[in-house]
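A.B. asks: sequence-free structure coming up:
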């Protein structure tokens, strides 16, 4: 069933929906194209799968193009991705050739007869070479933290980035100084998806039963794949420090690691650290476990995200949306979501996490307030409807270059399309 | 029916990243001097709107950063205590903020060189202002609309209007006074401390004042 914007009205309120329609009204007929490198899997595909139907639903025809490439192309793009995260890589001339050849081949088949073309992430970035044969305005949406990239790879990409009309980044921390305007686009969660929608208490109970998690004590949970950068061993240590003062259980739940040798290793380390402790529950979930993740989050008293490094860390917003108090590390996009002591708490160490577990389990009224404010903050900033609003605003801004305040008067008719 | 109805508008903004960041008070002052008026407007008047459900210690991002990241509490208090209702232009607000920080740094230059726990990222905003379908002709219409209009409309007419009009009032009070001759009610709305209360509380206060006005003989 196709989701429509009206479906969100019970969640975000009539006024928000009305304002979105108002913004869309004066953009009617504007043609948009989104380009990325995969239609399934990963956060970008997830958001486009929801956002594109919503744009079409409110009268803005939006197409989605997925670029194609062989194994060698995607090996190069993976290298680029790692390099942008600051990993030292060898970016050889041959790799550049493969990247450019495949990109240009894709470009031959992409319809550029649009008003605005939005390119997601570095994989399709070379599509900007088509700018000269198109009337469109071009937007580069970067979902990655490029604040500390491998300079050689960044210099190569920067030449392309600065040909775009604007760039969009997920956090001020993730951006670089550029010669083109940059806008802040927080990523978002979908409150109607399986991962976030309301669940019946019976279902939540069944999930806990399935994973043999008794409901006799407060549950402290971290949802993340078994990866050292998520510090699962540190989470167990923090839990043990806190449990000396407050009785509770720990749930560490995350994606399976069968195809990732390092993941298996980390899982072994986590199991060794847990040492068969009956209060520590290690749950390995298959990739299609959205409802289970949702249930575990909803059953929890506290949620941890004690990462050592993080992308944006949307699991924080997922937990906040469920009114759970969140203890998060001050890394990546987590500080953008957690306003300290208002929408959650930020910690910098295992000891800090342990102290906050003790504190929040001992002060349920304060934990409750964090959860309530966290929910409100997500409603304001991190829902898909907010992403839709940001795109609509961007389209208006692109249509009115040089204007800082775009003012539509009461009596003025809707403006005709510029193109 | 009144001749000059009140048209309710709504304003949404997109945050532009300037790429400029300050790690110390000295850097903050330098950037405060050269940043756009829009950046000051955003950090003092707009960004807190997204946290409208609550009230933080400081509504201004500058005071908040100086408190949380630099732990220079007395400076944060001085900036936080600025009553933005006193300012009808960004230029004077900018001058006063810079003066307060300069005075603070005179006592000890070292304070200006100390790095905060996190940088302050300068942003500015681009706004789209649009009329809504809500139009008030009478006080009763006004009350009904205020009870259901979005908080972005409230923010626009109460806060953004002040700088747009360059006068120490807001759109609601201006209309109530000049359009309906309700000077007493206009004054009451002007005295609401817009930074001390969450937006929903402000809505309730306006509604309460309007009800009182409607009940009075």
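C.D. replies: Arrived safely, thanks for sending. A quick note: this is a predicted structure, and the numbers were derived from the prediction, not measured.
A.B. asks: and residue A:229, how far from residue A:266?
C.D. replies: Counting by Cβ to Cβ, to the nearest Å, the separation of residue A:229 from residue A:266 is 10 Å. For the C-beta atoms, the positions are set from N, CA and C on the backbone; glycine is no exception.
A.B. asks: quickly find the element holding residue B:130.
C.D. replies: strand B:120-136 (DSSP states H and E).
A.B. asks: just checking, what packs against that strand?
C.D. replies: If contacts are counted by 3 or more Cβ pairs under 8 Å, 6 or more residues apart in numbering or on different chains; DSSP states H and E, strand B:120-136 sits against helix A:14-25, helix A:384-399, strand A:405-407, strand B:6-22, helix B:37-41, helix B:61-68, helix B:139-148.
A.B. asks: tell me the predicted confidence for residue A:170.
C.D. replies: If you check residue A:170, the pLDDT there is 93.
A.B. asks: show me what from chain B comes close to chain A.
C.D. replies: Within chain B, the residues that sit near chain A (Cβ under 8 Å from any Cβ of the partner chain) are B:7, B:10, B:12-17, B:19, B:21, B:38, B:50-54, B:56, B:68, B:118, B:121, B:123-124, B:126-133, B:148-153.
A.B. asks: after the helix or strand of chain B with the lowest mean pLDDT, next one along is what?
C.D. replies: None of the helices or strands of chain B scores lower by mean pLDDT, DSSP states H and E than helix B:161-165, at a mean of 73. Next along the chain after helix B:161-165, taking DSSP H and E as the criterion, comes helix B:171-178.
A.B. asks: quick check: closest non-adjacent residue to the residue in the stretch 1-150 of chain A positioned nearest to chain B.
C.D. replies: In the stretch 1-150 of chain A, the residue that lies nearest chain B is residue A:15 (3.3 Å; Cβ to the nearest Cβ). Distances taken as Cβ to Cβ, 6 or more residues apart in numbering or on different chains place residue B:150 nearest to residue A:15, at 3.3 Å, with adjacent residues excluded.
A.B. asks: which of the residues in stretch B:193-211 are classified as buried?
C.D. replies: Across stretch B:193-211, burial judged by 16 or more other Cβ atoms under 10 Å in any protein chain shown covers B:194, B:195, B:199, B:202, B:203, B:205, B:206, B:209, B:210.
A.B. asks: the spatially closest residue to the fourth one that is not a sequence neighbour: how many residues sit nearby?
C.D. replies: Right, the one you point to is residue B:202. Among residues not flanking residue B:202 along the chain, residue B:192 sits closest, at 6.0 Å (Cβ to Cβ, 6+ apart). For residue B:192, the count of nearby residues is 19 (other Cβ atoms under 10 Å in any protein chain shown).
A.B. asks: just residue A:315 next, same as before
C.D. replies: A count of neighbours around residue A:315, defined by other Cβ under 10 Å, yields 26.
A.B. asks: distance of it relative to residue A:322?
C.D. replies: Taken as Cβ to Cβ, the span from residue A:315 to residue A:322 is 11 Å.
A.B. asks: equivalent analysis for residue A:20, please.
C.D. replies: Here residue A:20 is placed at a distance of 24 Å from residue A:322 (Cβ to Cβ).
A.B. asks: in the stretch 251-400 of chain A, which spans are strands?
C.D. replies: Applying DSSP state E, counting those that start in this stretch to the stretch 251-400 of chain A gives strands spanning A:280-285, A:302-305, A:326-329, A:345-347.
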